[in-house]
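Colleague: Quick one, structure for this:
(2 chains)
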Amino acid sequence: MRRPRRPLFLARLPYRRRRLRDAARLLPVFGGFLFILPVLWAPAAEPGAEAGARLLSSDVVYFFGVWAGLVAVSAAFAPGLATTQDEEEED
Amino acid sequence: MPFNLLVLACLAYVVFLFCVAFWVERRAYAGRFGWLRSPLVYTLSLSIYCTAWTFYGAVGYAARSGMEFLTIYLGPTLVFIGWWWVLRKLVRIGRKHRVTSIADLISSRFGKSNALGVVVTLMAVVATTPYIALQLQSVVLSFGVFSNAADSLDAGQTAIWVAGGLAVFTIIFGTRNLDAQEQHHGIVTAIAVEAVVKLVALLAVGIFVVWGLAGGVGAMLDRIDASELSAWTMQPGRWTGLIFLSAAAVICLPRMFQVMVVENADEGHLATASWAFPAYVLAMSLFIVPIAVIGLERLPDHANPDMFVLTLPLHEGQNALAMLAFLGGFSSATSMVIIEAIALSTMVSNHILVPGWLRLRPQAAVADDLRGVVLNARRLSIAAVMAMGYGYYQLSGGSAALASIGLIAFAGVAQFLPAMVGGIFWRGATKAGAMAGLLIGFVTWAYALFLPSFGPDAVLSASLLAEGPWGVTWLRPQALFGVAGMDPLIHAIFWSLMLNGTAFFVISVLTFPSPVERLQGAAFVNVFDEGSGAPRRWSRGEAEPEELLVMAQRILGDEEAQVLFESEARGQGKTQSLLPDPTPEFISTLEQRLAGSVGAATAHAMISQLVGGAAVSVGDLMALASESAERAEHSAQLEAQRAELARTAGALREVNEKLTRLSVQKDAFLSQISHELRTPMTSIRAFSEILAEGDLPPEMVARNGRIIHEETKRLTRLLDDLLDLSVLENGKVTLSLTLSNLRDMIDRAIQASEQVKPEREVVFRRDLMRENIFLRTDADRLTQVFINLISNARKYCEAEFPEIRINLRMRGGRVIIDVIDNGRGIPKDAQSTIFEKFTRLPEEGRAKGAGLGLAICREITENLGGTIAYLPGQGGAAFRLILPLRLDLGAQGQGG
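Modeller: Residues are numbered from 1 along each chain as shown, chains lettered A, B, ... in the order given. Model (predicted):
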């Protein structure tokens, strides 16, 4: 009851901003999943193991690839989130 | 490389940093901030997360444990790209409540309790002092790398020089003024410069390694696969646990809180930092694995992997590069130590030294120059923190035990996490809960991780480690409750945070918070509700404004305090006086300003000393809540009333239109009726005059007499109708109820109306079967209704072959009778008035009749307990008559 009534439906632009916030909230969840995913992989190859096993270099490439991807997505989100600072807030 | 050159470069670098900080302070003092407050500087200052431990140690970590070093960066990355969850709220709270440190945040959230502030401060000091020692050690080690052959370098001496130099730098730039928001532009900019230096240094070494030594990216990847690092296997528990731990630490570390929240100049900067900081740490860790791989490959076996960043370029004869790397490591160490010292000293002075001083000398709050006291307390604290760091370094003897202290410190500060995150998201969190959680978490951490880290028999005896205290095996420090076989670090994190969080939650649920706690809880959790504003923390101001001003001047400085008081006085509408009234709002504002300098708990204590313990009570809280509830209800009521008014206005407008139309019609009718009355009267008068003259042939007399008779009959009929109508309207009609056949009534009505326009042939369409029902009603009156309706139809239906349909339906004890002709019907705008008296359609003027027929019909049907209405859309004029099958006289009481 303390909370001022908020409109049930929004115009196109505020609607997009809301969804952008949702995406920004979910991003670390996806990031966490991708970072912890290797736990489920088969152990990396012992040196001299037969071909087909995982290589350390591919692990390196995987982690930095995911990492760079997260940075890029987050950079794409940032301007849209920063402009909404002054408008009404939720939760 | 000559060692002296190294020392010279180092000194030159320090002087350069001094100049940067000094110049920036000058700029800031002049109010020219410009790029000083840019998101770039903010992001770079956040890089103090990367200390010397990460600059040098990450390579060593990678050489020992493969990819695990990444977890230290992945956690913060997740926290920053998820800034919308926690960081945004932290920064908003920090700015709104002028939080000065993490201890201040927790103490302020839980009712400005200084006890909590003290506990958090002590925990932070215990957990991070070894970390400062680690930085000193790394600097000493890096000096040692260069000096190994040249001079005999006293490690202890280097450490004391570094510690002393850093203390001087921090004191000069960290305690220049008691800034309202604890911001240190000079230091932050110097830190940003150092951040660039360490990034450039590490990237330079990395590029040299990959392209200079390994021969390109492809070759580098091959060497990675060939190296001993690839023997590394991921331990799921450590991997996940360390990501979580570093994520918690990046929020909870005092130095990170300092640059992230306290030094934040603009919330918008966080949006940039959300991706730029992860990008920074990505760049910092990009070449860690290559450096480790090549270092292991090329350097002798006994080389310390922690120093590969330095020794590898030196080994390859790249002295300039080694110098750059050295400066990078030096930057990492110094920037961390400076900010950590500022953060810790703020906490120590605001929560321990100043409150202690005020307790010893209660009158000091108004009498002494507190600014000096606070600043000196802070200088003292900085020196003490440095001294403790140095002392710890000396004690531990620069041993390898220090290397693991990074993660141990992380685990220590992570104990703040439940109280902090719980405090800003959960209003139910209480001071007792926070205190219990912090203490239990801290004790568990110390027992299971910190003390054993010194090694067996150092603090905890080996037998205690192996068998538990008094032989209680389930209390063994590294296998609590029988959980053996877990990695000791993960084991300690698991149990300390588990017990911490549980105690925090359970005690919070069981205890009842004080009013100030509840106010602060609401203000913190709902920080984004703009409407809530600054909560009233004082029920009634009894303080002397002058005393308040004196106290504010002691803390804020004369000018700033006077400006604040004057603007508040203007805000209260006082144009002359400098002193505002001590309203609760004003006192809360003042308290918040003071909190920015001395912390919330001290500010609260000082104000309550002057105000005389008039802090808000539970009753005030309830009053506040019901006040706002009342306001909300009041506005809801207003809204409802407004809607009702709008509805009433609409109805009134409709009625008004109808009245206007009726009035026009009535005027028209009055002239019509006078005409109607006048015409027979005129002819009666004329013919009676002729008769009075006599001398007339008898047939003439008879004719005139007949005319007079006809005219009087017409007059009588007109007057009868009017009388009849007024009787019906007044409800004084007496009904003679009988059981009569509807078909008979309609038959009679058709017969009776045949005299109207007898020349017209009208076809009737009826359903004789259905009409054959008996109604209990007044048959004569009802017949009159039918006569009127059918006569009207005969009179006004202009079709070539007029036709009248009479439909009949039964529904729920009522009979519905429609009388429909095939004429043009009644125009829409006239439909609403045809049942009014004296109404005649415009083109009907020529026809006979006074416009009373339908009015009489309506009155009769209402008296018979039914309704009559015009039925549009039937292809002609249509009237629907609804009557009860059995009229009960008792039920028509409303006929009035």
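Colleague: Just list the residues touching residue B:410, thanks.
Modeller: B:245, B:246, B:248, B:249, B:253 (C-beta atoms under 8 Å, 6 or more residues apart in numbering or on different chains). From N, CA and C alone the C-beta is placed, and that goes for glycine too.
Colleague: I'd like these laid out as JSON lines, including distance to residue B:112, secondary structure and pLDDT.
Modeller: Formatted as JSON lines, the entries for the contacts of residue B:410 read as follows, by distance: C-beta to C-beta, whole Å; DSSP: H, G, I helix; E, B strand; the rest coil; pLDDT from 0 to 100:
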{"residue": "B:245", "distance to residue B:112": "30", "secondary structure": "helix", "pLDDT": "94"}
{"residue": "B:246", "distance to residue B:112": "31", "secondary structure": "helix", "pLDDT": "93"}
{"residue": "B:248", "distance to residue B:112": "25", "secondary structure": "helix", "pLDDT": "95"}
{"residue": "B:249", "distance to residue B:112": "26", "secondary structure": "helix", "pLDDT": "93"}
{"residue": "B:253", "distance to residue B:112": "23", "secondary structure": "coil", "pLDDT": "93"}
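Colleague: Highest neighbour count among the residues you listed?
Modeller: residue B:253 (31 neighbours; other C-beta atoms under 10 Å in any protein chain shown).
Colleague: my guess is that one meets residue B:412, correct?
Modeller: No - counting by C-beta atoms under 8 Å, residue B:412 is not a contact partner of residue B:253; they are 9.8 Å apart.
Colleague: any shared contact partners between the two?
Modeller: Jointly contacting residue B:253 and residue B:412 under the rule C-beta under 8 Å, 6+ apart are residue B:128.
Colleague: Next one: the residue in chain A positioned nearest to chain B from residue B:163, what distance?
Modeller: Distance from chain B to each residue of chain A (C-beta to the nearest C-beta) is smallest for residue A:28, at 3.0 Å. Residue A:28 sits 38 Å away from residue B:163, taking C-beta to C-beta, to the nearest Å as the criterion.
Colleague: do residue B:806 as well
Modeller: To residue B:163, residue B:806 is 114 Å away according to C-beta to C-beta.
Colleague: Looking at those two, which is more packed in?
Modeller: The neighbour count for residue B:806 versus residue B:163, taken as other C-beta under 10 Å, is higher for residue B:163 (26 against 23).
Colleague: secondary structure element for the nearest residue to the more buried one once chain neighbours are set aside?
Modeller: For residue B:163, the nearest residue in space outside its immediate sequence neighbours is residue B:390; the separation is 4.4 Å by C-beta to C-beta, 6 or more residues apart in numbering or on different chains. According to DSSP states H and E, residue B:390 maps onto helix B:370-396.
Colleague: list the buried ones in whichever helix or strand comes after that helix?
Modeller: Taking DSSP H and E as the definition, the helix or strand that follows helix B:370-396 towards the C-terminus is helix B:405-413. With burial defined by 16 or more other C-beta atoms under 10 Å in any protein chain shown, the residues of helix B:405-413 counted as buried are B:405, B:406, B:407, B:408, B:409, B:410, B:411, B:412, B:413.
Colleague: Low-confidence ranges, the chain, go.
Modeller: Here I'm looking at chain A. Along chain A, the model assigns pLDDT under 70 to residues A:1-7, A:42-54, A:83-91.
Colleague: switch to chain B, that's the one I care about
Modeller: Low-confidence regions of chain B, defined by pLDDT under 70, span residues B:1-2, B:148-156, B:176-182, B:363-368, B:397-403, B:530-543, B:612-625, B:838, B:842-850, B:890-896.
Colleague: What ranges does it have for its strands?
Modeller: Assigned by DSSP state E, the strands in chain B fall at B:738-741, B:763-766, B:774-777, B:803-811, B:814-821, B:867-870, B:878-884.
Colleague: Between those, which one is closest to chain A.
Modeller: Comparing those against chain A with C-beta to the nearest C-beta, the closest turns out to be strand B:867-870 (39.9 Å).
Colleague: Touching the closest one from outside, list them.
Modeller: Identification of contacts with strand B:867-870 by C-beta under 8 Å, 6+ apart yields B:785, B:826, B:831, B:834-835, B:857-858, B:861, B:877-882.
Colleague: State the paired neighbours of it in the sheet, together with their directions.
Modeller: Take DSSP bridges as the rule and strand B:867-870 pairs in its sheet with strand B:878-884 (antiparallel).
Colleague: what angle sits between the partner strand and strand B:803-811?
Modeller: 30 degrees (axes from the mean of the first three to the mean of the last three C-alpha atoms, to 10 degrees).
Colleague: who touches strand B:878-884?
Modeller: Around strand B:878-884, the neighbours that count as contacts under C-beta under 8 Å, 6+ apart are B:775, B:777, B:782, B:785, B:789, B:813-821, B:825, B:857, B:861, B:864-872.
Colleague: Would you tell me which helix is longest in the chain?
Modeller: Looking at chain A here, since you left the chain open. Under DSSP state H, the helix in chain A containing the largest number of residues is helix A:56-82.
Colleague: that's the wrong chain, I meant chain B
Modeller: Ordering each helix of chain B by length in residues (DSSP H) puts helix B:618-693 first.
Colleague: Looking at the stretch 701-850 of chain B, which residue is nearest chain A?
Modeller: Among residues of the stretch 701-850 of chain B, the one nearest chain A by C-beta to the nearest C-beta turns out to be residue B:828. It sits 37.3 Å away.
Colleague: measure that residue to residue B:78 for me?
Modeller: From residue B:828 over to residue B:78 (counting by C-beta to C-beta), the distance is 70 Å.
Colleague: More neighbours: these two, which one.
Modeller: Set side by side, residue B:828 and residue B:78 show more neighbours around residue B:78, with 24 against 8, by other C-beta under 10 Å.
Colleague: hang on, that one packs against residue A:34?
Modeller: No - under the criterion of C-beta under 8 Å, residue B:78 makes no contact with residue A:34, lying 10.1 Å away.
Colleague: Now for the closest residue in space to residue B:135 that isn't next to it in sequence: which residues touch it?
Modeller: Closest residue in space to residue B:135, ignoring its immediate chain neighbours: residue B:333 at 4.1 Å, by C-beta to C-beta, 6+ apart. The contact partners of residue B:333, by C-beta under 8 Å, 6+ apart, come to B:51, B:52, B:55, B:135, B:136, B:138, B:139, B:162.
Colleague: how deep is the fourth one tucked in, by neighbour count?
Modeller: Each residue near residue B:135 was counted by other C-beta under 10 Å, and the total is 27.
Colleague: Domain map for chain B?
Modeller: Chain B breaks down by automatic domain parsing into domains covering B:3-403, B:415-530, B:534-616, B:637-727, B:732-892.
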